[in-house]
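Colleague: What follows is a predicted structure for the sequence shown.
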Amino acid sequence: MSVKLELSYDDRRIQFLNKEYGIIGFTDYTPKIWGEISKVNWYVNEKEFKKGEKTYIYTGSNRFGETKKLHQIVMKLWYGEEALKAAYAKNYIVEHHNNRAFDCQISNLSFASNDLNLTKAHSFDKTQPKLLRQAAVNFYKDFETQQYQITIAFTGEYVLVLEGKAICVDRIYFLYEDNFRIVYTDANRIIDELLEVGNLNFKLLSYKKLSYKEAKFYVPTDGEKVEGIQFITDEEGNNIMIIGKDAKGTVFFNSIPPNQDLYKKEGKDK
């Protein structure tokens, strides 16, 4: 049985929702994309959704030809029908970077070989959730510049050594050229190294440039009750480390967005 989804949008996202289940999926809003997507009905398989099985948002309309699934249609609308056909001709698929089938933002989608998709399913997609108590590792693609970023948000302390200087950071951004295989390989290596040894060998990574944000430390006054090392987020989205006594746990993050300024500084002229 299929559940029909309602659409809404703001200046950032188009949301696909059902009153019983809440917001189910989303993609980027532009007037052009909204004009196309809002003209057809959208559904999700209720049985698969309730079981927690991987399923996709789809339409029964022929407006987009034989293409029915939202993530495929999003790629067609952004890259063009010929690009989608060329990808399928090479046995490529539309890959969700974060393995969340309902996150159809263009920054979360890439054309990737089916073999690489299967490899990712048995490596990155399984190990990335295991790392979350230490760090959140994700990667994104910028449509305008066709560059990637791997982002890391650290839950605990991480010391980055640059030019002989030790810097305590709470996030790192790595910039890459347009090569999904290299980005996936590095993202997978980062997760494995953090899980196994708790540190990164930057010489083994193929990034073009990196940027970082230093950790902000906040020492509570005598009257404040803060135990252990905890993290809060300030108004600008920065993690702030709160130093207390008797560490009992931390707050951890699922993801952080890319550094848009890094794309702008290194982006190709369009």
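Modeller: All right, it came through fine.
Colleague: ok but Ala101 is inside a helix, no?
Modeller: No. Counting by DSSP: H, G, I helix; E, B strand; the rest coil, Ala101 is located in no helix; its state is coil.
Colleague: just for the stretch 101-250 of the chain, where's the confidence low?
Modeller: Counting by pLDDT under 70, the stretch 101-250 of the chain shows low-confidence ranges at 217-250.
Colleague: what ranges do the helices span in it?
Modeller: 114-121, 124-127, 180-196 (DSSP state H, counting those that start in this stretch).
Colleague: tell me which residues in the first one are buried?
Modeller: The reference is to helix 114-121. For helix 114-121, the neighbour count (16 or more other C-beta atoms under 10 Å) marks 116-117, 119-120 as buried. C-betas here are computed from N, CA, C, even on glycine.
Colleague: helices and strands around that helix, which ones?
Modeller: Secondary-structure packing of helix 114-121 (3 or more C-beta pairs under 8 Å, 6 or more residues apart in numbering; DSSP states H and E): strand 92-96, helix 180-196.
Colleague: Outside of that helix itself, list whatever touches it.
Modeller: If you take C-beta atoms under 8 Å, 6 or more residues apart in numbering as the criterion, helix 114-121 is touched by 91-93, 95, 99, 112, 180-181, 184, 188.
Colleague: so which of these would you say is closest to Ile73?
Modeller: Ranked by distance to Ile73 (C-beta to C-beta), the contacts of helix 114-121 are led by Ile93 at 14.1 Å.
Colleague: hmm, back to that, TSV please, covering the helices of the stretch 101-250 of the chain and showing distance to Leu160.
Modeller: Below are the helices of the stretch 101-250 of the chain laid out as TSV (distance: least, C-beta to C-beta, whole Å):
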stretch	distance to Leu160
helix 114-121	27
helix 124-127	22
helix 180-196	13
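Colleague: if you compare these, which one is most tucked away?
Modeller: Stretch with highest mean neighbour count among the helices of the stretch 101-250 of the chain: helix 180-196 (a mean of 18; mean count of other C-beta atoms under 10 Å).
Colleague: what's that helix packed up against?
Modeller: Right, helix 180-196 is packed against strand 109-113, helix 114-121, helix 124-127, strand 135-142, strand 147-162, strand 165-176 by 3+ C-beta pairs under 8 Å, 6+ apart.
Colleague: Could you dump the contacts of helix 114-121 into TSV and include distance to Gly198?
Modeller: Output for the contacts of helix 114-121, formatted as TSV (distance: C-beta to C-beta, whole Å):
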residue	distance to Gly198
Asn91	38
Tyr92	35
Ile93	34
Glu95	29
Asn99	24
Ala112	29
Phe180	27
Arg181	26
Tyr184	22
Asn188	17
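Colleague: Now for the closest residue to Ala112 other than its chain neighbours, how many residues are close by?
Modeller: Using C-beta to C-beta, 6 or more residues apart in numbering and skipping the chain neighbours, the partner closest in space to Ala112 is Glu95 (4.0 Å). For Glu95, the neighbour count with other C-beta atoms under 10 Å is 21.
Colleague: cool, and Val40?
Modeller: Val40 has 15 nearby residues by other C-beta under 10 Å.
Colleague: any idea how far it lies from Gly65?
Modeller: 12 Å (C-beta to C-beta, to the nearest Å).
Colleague: Same check on Tyr176?
Modeller: Tyr176 is 32 Å from Gly65, by C-beta to C-beta.
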